[in-house]
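Trainee: everything below, folded, please.
(one chain, ligands or ions: 2)
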Amino acid sequence: MKDNPIIVGLDIGTTKITTVIGEVGEGGIVDIIGEGSVPSEGMKRGAVVNLERATHAIRQSVQSAERVSGVRVESVFVSVAGNHVKAITSHGLAAIRRHQEITQPDVDRAIENARAVPLDPNLEIIHTLPQEYVVDGQEGIKNPVGMHGVRLEVDVHIVAGTAGPLLNLRRCVQEAGLKVEGFVLQALSSGLATLEAAEQSQTVIVIDLGGGTTDVGVFKRGNLAHSACIPIGGDHVTADLAQILKLPHEEAENVKRKYGAAVPELADPDLTLEITTASGSTHAISAFELSRIIKPRLSEIFGMVRDEIDQALGPIELVAQSVVLTGGASLLRGTTELARDRFRLPVRLGRPRGIGGLTDIVSGPGHAGGVGLVLYGIGQDGKVPVSVFREEPAAAPTPAPTPVPEDPRGKAAATVTVVTPAAPTAPPKKEKDKDAPNLMTRVRGFFKDWL
Ligand SMILES: Nc1ncnc2c1ncn2[C@@H]1O[C@H](COP(=O)(O)OP(=O)(O)OP(=O)(O)O)[C@@H](O)[C@H]1O
Ligand SMILES: [Mg+2]
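Mentor: Ligands and ions are numbered 1, 2, ... in the order given. From the prediction side, this is the model:
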């Protein structure tokens, strides 16, 4: 019996390094058969800063996925993000002889033409992604081969990375004993994994809120038409909490995941935490006050996304029909609500879809990048393989809550105690609390103490 093809994605993030092993069955249906995630090492905002540590973490992640799948990994598709990645959209043109059909070489010529833009010699092209074609002024053509016309035009989204950081990434993967099958822009892989069939005919903004970066991809009728990487992510929210609450990073992360909310209206109104800092002083903070610390950072990130789109494509409300939020940091309560408010567009949480196998493990938004690498590997042309849409999620992925780390109180010098735990089913209060002024005074007092 012939073995099914195996495609492996290696998502090298700032927070975690994840290996996802996909098996391609009949009709291109993808089963995830292996997954391995380890805390990231040697990486900062998408770039390798310590070769040895990054190599070590990559090896660990791959070995863990190999153990689950029983498959030996030889080559991988690797995610790329960070400040060193540049993307431009360029226009290409090809003249067609009168009375002749457009052929594949004509299409290639138009694309090649678009690629002939002067790029910094230090940049290495990662993707050349053609958008829709225009034949004699007729727009919106997916495949012009076989059509008649004299003028073939195409917009091509070109993604390039600085040679140095790409070489470092390649070196780490090779040192871990693996071949780099290809580099894939994080925004592209996240979009491939999360976009739904209906969104393939719209313009959708995919925002992957990671730990150290926020990757933005604008998908126009299924094609990546614009991309950007913002060097701020969920870890900055944690850092803000750690600094203001005077807590170690792990403790602040724990507080954020367990009690944090991106909008004060969704914070648990009955919850107060008592924080004992390393120096022994004790302070109380309500969940409402906590979210007042979290919100500005997330608002800043969404503001930067909005500016980026405004500048490149025009007002976001006019450019796009909806927003898909994904990445680990999108799990924070109230993040979609805040995004809805900032973008004034419908916003949904994007989880990897259209896959079978270990869906319970890879169905969280933090796995969009890794699963997307596998889907990219199958399609290889920057489009979601059609098979993904043939069946809506085989085993409808149940929203798997990201495991909350155990309270590391024993390790940290500071402690966080829940003083007034809320009833677990208490519905979030929509309206402002009656005694809001009172709370505000407390918040102000709190900031005065700490800033
Ligand atoms: N349940 C949760 N609630 C709130 N935040 C969470 C939760 N789970 C994960 N996060 C946050 O998600 C971020 C990590 O997301 P993700 O795993 O997508 O990052 P990454 O891919 O390693 O990083 P990057 O894409 O920036 O390189 C961290 O900031 C973490 O605090
Ligand atoms: Mg990521």
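
Trainee: contacting residues around Glu199?
Mentor: Phe219, Ser322, Val324 (C-beta atoms under 8 Å, 6 or more residues apart in numbering). For glycine as for every other residue, the C-beta is placed from the backbone atoms N, C-alpha and C.

Trainee: just the residues you listed: which are in helices?
Mentor: Judged by DSSP state H, these include no members of helices.

Trainee: out of those, who's nearest ligand 1?
Mentor: Nearest to ligand 1 among those, counting by C-beta to the nearest ligand atom, is Val324 at 13.9 Å.

Trainee: the closest one - how many residues pack around it?
Mentor: Burial measure for Val324: 28 neighbouring residues, criterion other C-beta atoms under 10 Å.

Trainee: that one bridge partners, please.
Mentor: Using DSSP bridges, the beta-bridge partners of Val324 come out as Val206, Arg348.

Trainee: which residues touch it?
Mentor: Val324 touches Gly191, Thr194, Leu195, Glu199, Val204, Ile205, Val206, Ile207, Val347, Arg348, Leu349, Gly350, counting by C-beta under 8 Å, 6+ apart.

Trainee: residues in contact with the residue in the stretch 301-450 of the chain that ligand 1 sits nearest to?
Mentor: Residue of the stretch 301-450 of the chain nearest ligand 1, by C-beta to the nearest ligand atom: Gly328 (2.3 Å). By C-beta under 8 Å, 6+ apart, Gly328 lies in contact with Thr15, Lys16, Leu209, Gly210, Gly211, Gly234, Gly364, Pro365, Gly366, Thr402.

Trainee: any idea how far Glu289 is from the nearest residue to Glu139 once chain neighbours are set aside?
Mentor: Excluding its sequence neighbours, the residue lying closest to Glu139 (C-beta to C-beta, 6 or more residues apart in numbering) is Glu132, at 6.8 Å. The gap separating Glu132 from Glu289 is 49 Å, by C-beta to C-beta, to the nearest Å.

Trainee: for Ser40, same thing?
Mentor: Distance check for Ser40 against Glu289: by C-beta to C-beta, it reads 31 Å.

Trainee: pLDDT and distance to Ser79 added to the contacts of Val324, as CSV?
Mentor: Below are the contacts of Val324 laid out as CSV (pLDDT from 0 to 100; distance: C-beta to C-beta, whole Å):
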residue, pLDDT, distance to Ser79
Gly191, 96, 13
Thr194, 96, 14
Leu195, 95, 17
Glu199, 94, 21
Val204, 97, 20
Ile205, 98, 19
Val206, 98, 14
Ile207, 98, 16
Val347, 98, 23
Arg348, 98, 22
Leu349, 98, 20
Gly350, 97, 16
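
Trainee: so Val135 makes contact with Ile102?
Mentor: Yes - between Val135 and Ile102 there is a contact under C-beta atoms under 8 Å: 7.0 Å.

Trainee: so what sits against both of those two?
Mentor: Pro144, Met147, Gly149, Leu152.

Trainee: among these, which ones are in strands?
Mentor: With strands taken from DSSP state E, the overlap with the shared contacts of Val135 and Ile102 comprises Leu152.

Trainee: among the shared contacts of Val135 and Ile102, who's most crowded?
Mentor: Pro144 leads the shared contacts of Val135 and Ile102 on contacts (other C-beta under 10 Å) with 25 neighbours.

Trainee: what residues does the stretch 251-400 of the chain put near ligand 2?
Mentor: Gly369 (C-beta under 5 Å from the ion).
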